[in-house]
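Trainee: Below is the structure, and that's it, no one-letter string:
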């Protein structure tokens, strides 16, 4: 019976809370910010930055709509209504921090969504409202990058998807959780390095996820060769596609995560390639499968 239920819910797809996807270039999905009568394409300039509460960062140019509430529209997958939490003023524009108020999902049918939630996602006492927030947030692929910090003999390397580069501005935005063991030192020194990782090495970087809150192994115990960035002298795996050394210029406490806002000081291209690993929600993965099958008919 359980096997039959899984078949009805997911077909032949194996369950995973979030699904890894790989592709070259940018995501095909589009995200629009609606504010009053305005509709702005923010596909490349919006990022999930905080988990409790769910907070998005959206970069806009100097002509910023002066609204108190906004909507993010994720194609045919989800619509999120948000309230303005904070503004980060910058010479080239404004970073809006927008807190999720409610979500409307279009992936799958309502009964199937509810059953999947009850079967797989409600075990950790996650409310259905919060579940919908994560489904909506990860309706857009979130690229996984590798973040590095070093101070003397102490270092840390860990993957992140709550971050992003502001297009054409040499700015970077990070949402680091307060439990990260190096957060205070990153803020104190004002330095951080972010690397682009080939999709072929996604398993290697996911294994570094525990280093958010626990001490990393000795350098010689890492299962890959490391080198040092030219400017900050931070460690990075020899196989990264490239890295950016970022100087932190501002912070803001969003809740479970701290916003770090900075400018790229130096960047280096190391290896060729532009295939990357992304995370999407499992419901979005099922939605994409259904959509692809429909297109093939």
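Mentor: Alright, I've got the coordinates. Please read these numbers as outputs of a predicted model, since none were measured by experiment.
Trainee: how much distance is there from stretch 155-164 to the middle of the chain?
Mentor: 10 Å (C-alpha atoms, centre = their mean, to the nearest Å).
Trainee: wait, stretch 45-60
Mentor: The answer for stretch 45-60 is 9 Å, by C-alpha atoms, centre = their mean.
Trainee: avg pLDDT for that stretch?
Mentor: Mean per-residue pLDDT for stretch 45-60: 97.
Trainee: just stretch 204-212 next, same as before
Mentor: Mean predicted lDDT for stretch 204-212 stands at 83.
Trainee: Same check on stretch 237-253?
Mentor: Here the average pLDDT along stretch 237-253 is 97.
Trainee: So which bits of that stretch are buried?
Mentor: Using 16 or more other C-beta atoms under 10 Å as the test for burial, stretch 237-253 gives 237, 239-248, 251-252. Heads up, the C-betas are built off the backbone N, CA and C, glycines and all.
Trainee: From residue 89, how far out is the closest residue to residue 260 other than its chain neighbours?
Mentor: Spatial nearest neighbour of residue 260, excluding adjacent residues (C-beta to C-beta, 6 or more residues apart in numbering): residue 174 at 4.1 Å. The spacing between residue 174 and residue 89, counted by C-beta to C-beta, to the nearest Å, is 18 Å.
Trainee: Now do whichever strand or helix holds residue 149: everything it contacts.
Mentor: Counting by DSSP states H and E, the element that carries residue 149 is strand 145-151. Applying C-beta atoms under 8 Å, 6 or more residues apart in numbering, the external contacts of strand 145-151 come out as 155-161, 163, 174, 182, 185-186, 189, 191-197, 205, 208, 229, 232-237, 240, 243.
Trainee: Among these, which are located in helices?
Mentor: Counting by DSSP state H, the contacts of strand 145-151 place 185-186, 189, 205 in helices.
Trainee: give me the low-pLDDT residue ranges for the chain?
Mentor: Per-residue confidence for the chain (pLDDT under 70) gives these ranges: 1-13, 65-66, 290-297.
Trainee: Now residue 272: which helix or strand?
Mentor: For residue 272, there is no host helix or strand (DSSP H and E).
Trainee: Not counting sequence-adjacent ones, nearest residue to it?
Mentor: Closest to residue 272 by C-beta to C-beta, 6+ apart is residue 241, at 7.5 Å.
Trainee: residues contacting the one you found?
Mentor: 195-198, 269-274 are the contacts of residue 241 under C-beta under 8 Å, 6+ apart.
Trainee: returning to what we had before: and residue 174 and residue 89? which has more neighbours close in?
Mentor: Comparing residue 174 with residue 89 by other C-beta atoms under 10 Å, the one with more neighbours is residue 174, at 26 against 9.
Trainee: Contact partners for the more buried one?
Mentor: Neighbours of residue 174 in contact, by C-beta under 8 Å, 6+ apart: 49, 147, 160, 162-163, 192, 194, 259-262.
Trainee: Please convert the contacts of residue 241 to TSV, extending it with neighbour count and distance to residue 68.
Mentor: Output for the contacts of residue 241, formatted as TSV (neighbours: other C-beta atoms under 10 Å; distance: C-beta to C-beta, whole Å):
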residue	neighbour count	distance to residue 68
195	24	38
196	21	36
197	24	38
198	20	42
269	10	42
270	15	44
271	11	46
272	8	46
273	13	43
274	13	39
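Trainee: Can you name the two of the residues you listed that sit furthest apart?
Mentor: Pairwise distances among the contacts of residue 241 were taken by C-beta to C-beta; the largest, 14.7 Å, belongs to 195 and 272.
Trainee: For the nearest residue to residue 142 once chain neighbours are set aside, grab the count of nearby residues.
Mentor: Spatial nearest neighbour of residue 142, excluding adjacent residues (C-beta to C-beta, 6+ apart): residue 161 at 4.1 Å. Neighbours of residue 161 under the rule other C-beta under 10 Å: 18.
Trainee: residues in contact with residue 161?
Mentor: Residue 161 touches 48, 142-145, 278-279, counting by C-beta under 8 Å, 6+ apart.
Trainee: separation between residue 133 and residue 164?
Mentor: Taking C-beta to C-beta, one finds residue 133 at 19 Å from residue 164.
Trainee: Buried by neighbour count, from the contacts of strand 145-151: which ones?
Mentor: 155-161, 163, 174, 182, 186, 191-197, 205, 208, 229, 232, 234-237, 240, 243.
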